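Peer 1: Structure of the sequence below:
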Amino acid sequence: DLLSGAVVVDLGCGSGRDVYIMSQLSGEKGKVYGVDMTKAQLDVAKGALEYHEGLECETSEVEFVESYIESFAEEIGLEEDVDVVVSNC
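Peer 2: Next comes the predicted model:
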């Protein structure tokens, strides 16, 4: 319940595994951004989106962003506060 409704950013999200885990933890009121500079990795991550949306659990909105870590917030116009940042970089 601690992460319910949280805004989460996964820096260097790769194939999106942690993004989908955080999406389940933050629930339907949360938002999870997956940021990676590699298009091929993001293609894999986005490919799993339909599967995860079909699960019988509450998940938050997920958005994948192709960007460098240093500039992603400006590039997408992120105006909300971020509650949690995760990274396996």
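
Peer 1: show me where this protein has helices.
Peer 2: 17-26, 39-47, 49-53, 72-76 (DSSP state H).

Peer 1: nearest to E66, of those?
Peer 2: With C-beta to C-beta, the closest approach to E66 among the helices of the chain belongs to helix 39-47: 5.5 Å. Where you see a C-beta, it was placed from the backbone N, CA and C, and this is true even at glycine.

Peer 1: Contacts for the closest one, please.
Peer 2: Under the contact criterion C-beta atoms under 8 Å, 6 or more residues apart in numbering, helix 39-47 has outside partners 13-16, 19, 34, 36, 64, 66.

Peer 1: same question, stretch 69-83
Peer 2: 3, 6-9, 11-12, 31, 33, 35, 37, 63, 65, 67, 89.

Peer 1: Would you indicate which residues of the lowest-mean-pLDDT helix or strand in the chain are buried?
Peer 2: Lowest by mean pLDDT, DSSP states H and E among the helices and strands of the chain is helix 49-53, with a mean of 80. Within helix 49-53, the residues scored as buried using 16 or more other C-beta atoms under 10 Å are H52.

Peer 1: Also stretch 52-59?
Peer 2: Buried residues in stretch 52-59 (16+ other C-beta under 10 Å): 52, 59.

Peer 1: And stretch 75-85, by the same measure?
Peer 2: 78, 84.
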